[in-house]
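A.B. asks: predicted model follows, preceded by the sequence.
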Amino acid sequence: MHAVAPGGFRPGAPSGPAKGSPGHPCFDDAARSTSGRVHLPVAPACNIACGYCDRRSDCPNECRPGVASRLLSPREAEAALADALARDPRIRVAGVAGPGDPMAMPEAVVETFARIKARFPWLIGCLSTNGLGLPEHVDALARAGVSHVTVTVNAVRPEVGARIYDAVRWQGRELSGQEGAGFLLERQRRGIAACRARGLTVKVNTVLAPGVNDAHVEDVAREAARLGADRMNLIGLIPVPGTRLGDLPAPCPGVLAALRGRCARHLPQMRHCARCRADAAGLLDEAGCC
């Protein structure tokens, strides 16, 4: 028997400004202080290497994407979600955002969402991916209850992407430089288009790396809009010591605001991102829940 949605919440109820997204705190600005999310860390592997990422580092107080304090199997994720809902009935979104890339191990991720859909059908299913493995799995994800997908797109020209991505791993091959970046970009385009054709809501995340892609992010917004994306989230680089881009400065708030304004000519902008961990839980607006 399905559990009952707390408060009679129904994701399809018409409210909020974001298309098809009432109750999702990342797609509906008004929901960030009323609707919570849980990230289930069931995807440890990754299929690309970004110059700013180090998933080996973790501290319970460290708040950034790509870190989690434990990994879960799909069955454990279902149990963890049940516990989270019992503790916090405000949770409306169940997501998978790593700590690696969910589409590097799609079977476990699809199983996790299928379990969520069967037991908690009122929850919004949400996936965050770099897009490399997305195109072939859009239908399976949709059938398993995923309605919202975020694709991280840091560049739409291979020469810019080559400065961000160190390696792209696909079917036993490792691509690098402009070849790898161009391959990833084409897969991202196909994945976003497939999601929109399937009726999924799509957000594009773009990590702003000063001196690398700051003059390029409006091109990303323009291309994402052309592909049908619904929203963009421009995220300031978090310099992680020991990574190739770890010596770059984080962009200042004024620069971020100005670039979001330019990108807003093409896509609505998310301006309240908490840069969540892969095991985050609670409201975006609550301290210590990222």
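C.D. replies: Here it is on my side, so go on.

A.B. asks: contacts and neighbour counts: CA atoms only from here.
C.D. replies: OK.

A.B. asks: in this structure, which spans are helices?
C.D. replies: Here the chain has its helices, by DSSP state H, at 74-87, 106-119, 138-143, 158-161, 177-197, 217-227, 253-263.

A.B. asks: in stretch 260-276, what counts as buried?
C.D. replies: By 16 or more other CA atoms under 10 Å, the buried positions in stretch 260-276 come out as 260, 262-264, 266-270, 273-276.

A.B. asks: residue 191: which of the residues you listed is nearest?
C.D. replies: Residue 191 has its nearest neighbour among the buried residues of stretch 260-276 in residue 267, at 18.0 Å by CA to CA.

A.B. asks: wait, the closest one touches residue 226, no?
C.D. replies: No - look at residue 267 against residue 226 with CA atoms under 8 Å: they stay out of range, at 9.7 Å.

A.B. asks: name whatever forms a beta bridge with the residue nearest the centre of the chain.
C.D. replies: Nearest to the mean C-alpha position of the chain, counting by CA atoms, centre = their mean, stands residue 128 at 2.9 Å. With DSSP bridges as the criterion, residue 128 is bridged to residue 150.

A.B. asks: for this protein, which spans come out with low pLDDT?
C.D. replies: 1-21, 55-64, 66-67, 287-290 (pLDDT under 70).

A.B. asks: just the strands in it please.
C.D. replies: For the chain, the strands defined by DSSP state E occupy 36-39, 48-50, 91-96, 124-129, 146-152, 165-170, 173-175, 201-208, 231-236, 281-282.

A.B. asks: tabulate those (JSON lines), appending distance to residue 114.
C.D. replies: Below are the strands of the chain laid out as JSON lines (distance: least, CA to CA, whole Å):
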{"stretch": "strand 36-39", "distance to residue 114": "15"}
{"stretch": "strand 48-50", "distance to residue 114": "26"}
{"stretch": "strand 91-96", "distance to residue 114": "12"}
{"stretch": "strand 124-129", "distance to residue 114": "10"}
{"stretch": "strand 146-152", "distance to residue 114": "9"}
{"stretch": "strand 165-170", "distance to residue 114": "26"}
{"stretch": "strand 173-175", "distance to residue 114": "30"}
{"stretch": "strand 201-208", "distance to residue 114": "18"}
{"stretch": "strand 231-236", "distance to residue 114": "26"}
{"stretch": "strand 281-282", "distance to residue 114": "20"}
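
A.B. asks: re earlier: closest to residue 219 among the buried residues of stretch 260-276?
C.D. replies: residue 263 (8.3 Å).

A.B. asks: quick one: contacts for the nearest residue to that closest one once chain neighbours are set aside?
C.D. replies: Nearest residue to residue 263 in three dimensions, chain neighbours excluded: residue 218, at 5.0 Å (CA to CA, 6 or more residues apart in numbering). Residues in contact with residue 218 (CA atoms under 8 Å, 6 or more residues apart in numbering) are 259, 262, 263.

A.B. asks: how much space between residue 218 and residue 268?
C.D. replies: Using CA to CA, to the nearest Å, we find residue 218 at a distance of 12 Å from residue 268.
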